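When you get a sec, could you give me coordinates for this:
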Amino acid sequence: MATQTVKGKRGYFNPLEDREPEKKSLSLRIRGSRVSSKALSQFTSQLATLQGAGLPIVRCLRVLAGQYKPGPLKKTVTQVADDVEGGNSLSEALAKHPRVFDTLYASMVKAGEAGGVLDTILKRLADFLDKSEKLRRQVIGMMIYPAVVLTVAVLIFVGIMTFVVPKFKEIFSQLQEELPALTRAVIGASEWMKSYWWVIFLIPFAAFGTYKLVYRTSGGRRAIDSFKLRMPVFGVLVKKTAIARFSRTLGTLLSSGVPILDALAIVRASIDNRVLQAALERVQASIREGEGIAAPLGESQIFDDLIVNMIDVGEETGELDKMLEKIAVNYEEDVDVLVKGLMGVLEPALIVFIGGMVLVIVLSLFVPLLRLMERIGK
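Model (predicted):
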């Protein structure tokens, strides 16, 4: 099937057409550097403002490059300005820096250039990046607290088992009576930990390495991605976050004039979950056969009936982009509520876990001491 095109003031174009091979002079360009999503969002917003004020695009880029401190973003924007001044379109210049401006970014800019609405597209893109960054910060912020608390708890536990329990062992060795099973277990764990304490710190690295090795295989990655969507408690958060990103990205691309098949290809490439990618592949096949996208999304069992029905209505009314925006807003709000709810559950759960760990150690150490005191009292 021929790739779809969009008609704009500058004629027909394909947002995903093959780009011109880069010239040899570009071999010295910065390729390994990345720019934070927050900085990229600010750049896009500022570029949209300058474009809306009527400034030529080269001057906009020069002004922005001049206000940045030396770093990857300043160098990249300067190179983009040089390319545009040399005769490239903005989208072509941006596409030469895929590690900073991904396919989604370059495609939306190209749609804006073709339709003569670059400033509008840039504003929409800045809004999209800002909301995506906010969603990402929410999820990451939720994970920081339990990670810090668990790390501190593990360090305290290792310290007690390594330095405190051996002192009690010396005391218990003078009792000349059999110790309770719990005490013996704690002392045994302390002796092992004192000799092999490095294993405790090696476990996270070994687990992470194993995860990476399994994730590199096709079957392993699909199994892990499937588990992420179905795991207890956090599975709902992962699913809602993925659906919110899917809806926001696809809605933004469609409203910017990118063809549905090309938009789905971009969304599919931007999602790192194989289960969702497979669902979108079936959607693309359905569209090529002249059908809609609602039915294959429903068959994937990832998208709720409400989402499928809303998308179905959006297709029938010709306002799929607006319907996807509504879905994105609803699910981003759901993610916000879920994050706050999980934080409310995690805090007492962590307190109970740490309290239980301390209780076990205290009971194992002080029960024999209480027996000793009772025997001395008699």
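
wait, isn't Ala48 in contact with Asp127?
No. Applying Cβ atoms under 8 Å as the test, Ala48 and Asp127 come out as separate, 9.3 Å apart. Bear in mind the C-beta positions are built from the backbone N, C-alpha and C, glycine included.

which of the two has more neighbours?
Taking other Cβ atoms under 10 Å, Ala48 and Asp127 do not tie; Ala48 has more neighbours (22 against 16).

does the more buried one sit in a helix or strand, and which one?
Here Ala48, judged by DSSP states H and E, is contained in helix 37-52.

cool, Lys194 as well?
helix 181-195.

where does the stretch 151-300 of the chain dip in pLDDT?
Applying pLDDT under 70 to the stretch 151-300 of the chain flags residues 175-177.

From the contact counts, what lies against the helix holding Ala48?
Here helix 37-52 touches helix 57-67, helix 72-85, helix 118-159, going by 3 or more Cβ pairs under 8 Å, 6 or more residues apart in numbering; DSSP states H and E.

Now do stretch 87-97, average pLDDT.
The pLDDT scores in stretch 87-97 average 88.

What's the end-to-end length of that stretch?
Chord length of stretch 87-97, first to last residue, is 17 Å (Cα to Cα, to the nearest Å).

quick one: buried residues of that stretch?
Buried residues in stretch 87-97, counting neighbours by 16 or more other Cβ atoms under 10 Å, are found at 88-97.

can you give me the helices in the stretch 251-378 of the chain?
Applying DSSP state H, counting those that start in this stretch to the stretch 251-378 of the chain gives helices spanning 260-270, 274-288, 294-299, 305-317, 320-377.

tell me the most buried of those helices?
For the helices of the stretch 251-378 of the chain, average neighbour numbers computed from mean count of other Cβ atoms under 10 Å are highest in helix 260-270, which has a mean of 20.

Run the angle between it and helix 118-159 for me.
Helix 260-270 runs at 20 degrees relative to helix 118-159, counting by axes from the mean of the first three to the mean of the last three Cα atoms, to 10 degrees.

now the angle from helix 260-270 to helix 320-377?
With the same axes, to 10 degrees applied, the angle from helix 260-270 to helix 320-377 works out at 20 degrees.

helices or strands up against helix 260-270?
So helix 260-270, by 3+ Cβ pairs under 8 Å, 6+ apart, packs with helix 103-115, helix 234-255, helix 274-288.

could those go into TSV alongside distance to Gly356?
Converted to TSV, the helices and strands packed on helix 260-270 look like this (distance: least, Cβ to Cβ, whole Å):
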stretch	distance to Gly356
helix 103-115	47
helix 234-255	22
helix 274-288	36
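
Right, I'll call it a day here.
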